[in-house]
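A.B. asks: My questions are about this predicted structure, shown below with the sequence.
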Amino acid sequence: MIISIASDHAGFEEKQLLVGYLREQGHEVLDRGPANDDRVDYPDFAVLVAKDVTSGAAERGVLVCGTGIGMAVAANKVDGIRAANVTSPEFAALAREHNDANIVTVSGRFVTDEVNRAIVKAFLETDFGGGRHAGRVEKIMALEKE
Ligand code: RB5
């Protein structure tokens, strides 16, 4: 799978670890930066991954900041994005199964690398459930048209 990934300074170290993990797992990784842990603004990086996903350059996105919250808020401003900020693999699976999330955002400061790897694995391996969830996701996406 082609995965676009980015972080801010607070998520930089964890982003580097996840890039390595994803490549080990055989994924093609588009690392949208930053290239070091100098202070940056997370919306500038959220938009790069969001646009990779909406353009089809990447199938899924991963964003890392201190909490993951700012990245999710920013990414969700881009039409077509359903970004979920999660702190457990169970929620990552549910974000895919129920919400058809196309970006997962994680915390570089409050969640361990081991848990973040499990989150990313669940996010990439879980399919959207469809059925009763499909109409709800359609209603979410219709909000962009209002
Ligand atoms: C940076 O200090 C921090 O605000 C950012 O990484 C993120 O946690 C925002 O949601």
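C.D. replies: That came through fine. Numbers count the residues shown, from 1 in each chain.

A.B. asks: For this protein, which segments are assigned as helices?
C.D. replies: Secondary structure of the chain (DSSP state H): helices at 12-24, 42-55, 69-75, 89-97, 113-125, 132-142.

A.B. asks: Take those helices and lay them out in a markdown table including distance to P34 and mean pLDDT.
C.D. replies: C-beta coordinates here come from the backbone N, C-alpha and C atoms, glycine included. Converted to a markdown table, the helices of the chain look like this (distance: least, CB to CB, whole Å; pLDDT from 0 to 100):
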| stretch | distance to P34 | mean pLDDT |
| --- | --- | --- |
| helix 12-24 | 6 | 98 |
| helix 42-55 | 7 | 99 |
| helix 69-75 | 13 | 99 |
| helix 89-97 | 24 | 98 |
| helix 113-125 | 18 | 98 |
| helix 132-142 | 30 | 98 |
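
A.B. asks: Output these in JSON lines, with distance to the ligand and mean neighbour count appended to each entry.
C.D. replies: As requested, these are exported to JSON lines (distance: least, CB to the nearest ligand atom, whole Å; neighbours: other CB atoms under 10 Å):
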{"stretch": "helix 12-24", "distance to the ligand": "10", "mean neighbour count": "18"}
{"stretch": "helix 42-55", "distance to the ligand": "5", "mean neighbour count": "21"}
{"stretch": "helix 69-75", "distance to the ligand": "3", "mean neighbour count": "22"}
{"stretch": "helix 89-97", "distance to the ligand": "17", "mean neighbour count": "19"}
{"stretch": "helix 113-125", "distance to the ligand": "14", "mean neighbour count": "19"}
{"stretch": "helix 132-142", "distance to the ligand": "22", "mean neighbour count": "11"}
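
A.B. asks: out of those, nearest to G33?
C.D. replies: Nearest to G33 among those is helix 42-55; the distance by CB to CB comes to 6.3 Å.

A.B. asks: Surely I140 is in contact with A83, unless I've mixed up the numbering?
C.D. replies: No: in this structure, I140 is not within contact of A83 by CB atoms under 8 Å, at 11.8 Å.

A.B. asks: thinking again about what came up before, looking at the helices of the chain, which is closest to I2?
C.D. replies: helix 42-55 (8.4 Å).

A.B. asks: that older thread, tell me which of the helices of the chain sits nearest to L30.
C.D. replies: helix 42-55 (6.0 Å).
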